[in-house]
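> Build me a model from this:
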Amino acid sequence: DQFSANLFNQYRSRYSGGLRRLADQGLVSTNGYQTHGLTETCPGHSTILTGMHPVETGIPANDWIDGKTGKEVYCLAAPQNHLAHGRDDTDNGPVGPDQLRATTLGDWLKAESPDSKVMAVSGKDRGAINLAGHQGQAFWFTDGFGLTTYVEPGQTAQAKLAPVAAFNADFNAWMAATPTAWDYQNEECRALAGDWTIRGQTFHSMLPPAGLKFDTSPLLDEQTLKAAEYLLDSQKLGQGATTDMLGVSLSATDRIGHMYGTQGPEMCEQMHRLDAAMGAFLDKLAQVPGGALVVLTADHGGSDFVERLHEHGYPQAHRADMDAIKGVNAALKTRFNLDADPRLGCAADRA
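Residues are numbered from 1 along each chain as shown. Predicted coordinates:
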C-alpha cells in the first residue's frame, strides 16, 4: 500500500531480505504507474486481481457521493452485513465485496476448482476484501481485537472468525505483554531525523515518533505477515491437490507515508523492517511443497510533505487551500445543478 516504484528504486540497493530476493530473482518493472484518475487504496486494490480499471470494477475512489441519495458512500459499504468483532460502529462500518462489480482471480479459481482455498489478510478492510474477492475469506486488523471480518446474513461471527481465532488469542497476548515501541535499528535512518515547521507548528521527524500507535508503525506489517504465515500453516495452503491463493496487503507503508512523509527516518526504518519481515515470510513460503508463485505490486504511490520537498529541490510543491473547497463546491453545485458537494474535502479522505 503506497509502495510506489520510486520508493522501491530508492531503497533497492540497500535491501537484503525479501525485497532483495524478489528484485534479484524476479521480473521487475521499475517504472510502474496507474492509468486511472484516482490513485487510492480501494480503487487500486480493486484493479490488482480483476484486471480491470475502476470504471469497470465499480470502485472509482475510497468514497463517493451516491447520485440518487446525495449521501457519501464508502467503497465497500454493505449495510446488510455485520462486523465479526461485534462493533459495527468501528472501522468503516459494515463492509463486504458487494460494491466490487468485477470478479477476481480468486473467484475464477474457486469457479474452476471449488476445493481451492482463497484467503486474504491486511491492515485494512479494503486491502483484504478486494484481494479475497466474492468467494474468498478476508481478514483485517481492527483496534483492540485482532483480525476481524464481515458476517453476511445467515452466517455467524464465530464461524467466520474460526480460521483466525488462535492467531487472535496469541496476538492479543503479545500486545498485552509487549509495549508498542519503534526505535532506530538502522543508523542510515537516524541521519534523516530533523525538525520541520508545518503550518506554524514544529514537527519532530524522529523515532520514536510522537503519538506512536501500532497501526502507524512497522509492527502492523510485521504482524500482518505473521498472520499470513499462520494462515499458510493452519489452513495448509498449497499443500493439497488444488491451487490455493493467499493475498497479503501490507498497509504500514501507506499509514507511515501519510502520517510522517516518505523521505524521513520513519519511512527509512519501515523500508528496512518490511524487507526483513518479507524475507522471513518468503523463507516460510519456500517450504510449501510444490512451490509458490509470488507477485508483488502496489495500489498507488505517495509523495513527501511540502516543506521537505522544498529542501529536496521541488520549489513548486505547495499545500492546497482547503478553505477554498467550500467556494469550489458552491460554484460547481450551481453550474451543474448538483444536490451534493462534488468534493468531499480532506477530512473525509481515506488513505
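> Okay, buried residues for stretch 309-326 please.
309, 325 (16 or more other C-beta atoms under 10 Å). C-beta: built from backbone N, CA, C; applies to glycine.
> So residue 204, which state does it fall into?
Under the three-state scheme (DSSP: H, G, I helix; E, B strand; the rest coil), residue 204 adopts strand.
> what about the residue nearest to it when sequence neighbours are not counted, which SS state?
Nearest non-adjacent residue to residue 204, counting by C-beta to C-beta, 6 or more residues apart in numbering: residue 195, 5.6 Å away. Secondary structure state of residue 195, per three-state DSSP, is strand.
> Now do the same contact list for residue 195.
By C-beta atoms under 8 Å, 6 or more residues apart in numbering, the contact list for residue 195 reads 202-205.
> any idea how far it is from residue 268?
Noted for residue 195: a distance of 17 Å to residue 268, by C-beta to C-beta, to the nearest Å.
> quick revisit: okay, the residue nearest to residue 204: pLDDT?
Listed pLDDT for residue 195 reads 96.
> and what of residue 310?
At residue 310, the model reports a pLDDT of 94.
> Wait, a strand at it?
No. Looking at residue 310 with three-state DSSP, it is helix, so not inside a strand.
> That one - nearest residue in space that isn't next to it in sequence?
In space, residue 310 is closest to residue 317, 6.3 Å off (C-beta to C-beta, 6+ apart).
> got it, and residue 259?
residue 216 (5.0 Å).
> can you check residue 296 too?
residue 22 (5.7 Å).
> Spit out the contact partners of the one you found.
Applying C-beta under 8 Å, 6+ apart to residue 22 gives the contacts 28, 278, 282, 294, 296.
> what helix or strand is the second one on?
In this assignment (DSSP states H and E), residue 278 forms part of helix 265-285.
> Next: the fourth one.
Assignment of secondary structure by DSSP H and E places residue 294 within no helix or strand.
> please renumber so the chain begins at 24
Understood, numbering begins at 24; the last thing we discussed is residue 317.
> number of nearby residues for residue 98?
Neighbour count of residue 98, defined by other C-beta atoms under 10 Å: 28.
> In three-state terms, label residue 327 for me.
coil.
> With the one 3 residues further on instead?
Look at residue 330: counting by three-state DSSP, its state is helix.
> Isn't it up against residue 224?
No. Contact criterion C-beta atoms under 8 Å: residue 330 and residue 224 do not qualify, at 11.2 Å.
> thinking again about what came up before, ChimeraX command to pick out the buried ones of the contacts of residue 218?
Restricted to buried positions by 16+ other C-beta under 10 Å, the ChimeraX selection for those reads:
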select :226,228
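> do you know how far the most centrally placed residue in the chain is from residue 243?
For the chain, the residue sitting closest to the mean C-alpha position, by C-alpha atoms, centre = their mean, is residue 274 at 3.4 Å. The gap separating residue 274 from residue 243 is 6 Å, by C-beta to C-beta.
> intersection of neighbour lists for the two?
Listed as contacting both residue 274 and residue 243 by C-beta under 8 Å, 6+ apart are residue 146.
> now the strands for the chain?
Secondary structure of the chain (DSSP state E): strands located at 86-88, 95-97, 105-106, 141-145, 160-165, 169-171, 173-174, 217-221, 224-228, 268-272.
> hey, which of the ones you listed is tucked in deepest?
For the strands of the chain, average neighbour numbers computed from mean count of other C-beta atoms under 10 Å are highest in strand 141-145, which has a mean of 28.
> and the angle from it to strand 160-165?
10 degrees (axes from the mean of the first three to the mean of the last three C-alpha atoms, to 10 degrees).
> How far does strand 141-145 sit from its chain's centre?
Put simply, strand 141-145 sits 12 Å off its chain's centre (C-alpha atoms, centre = their mean, to the nearest Å).
> Which secondary structure elements does it sit against?
Judged by 3 or more C-beta pairs under 8 Å, 6 or more residues apart in numbering; DSSP states H and E, the packing partners of strand 141-145 are helix 128-135, helix 148-155, strand 160-165, helix 241-257, strand 268-272.
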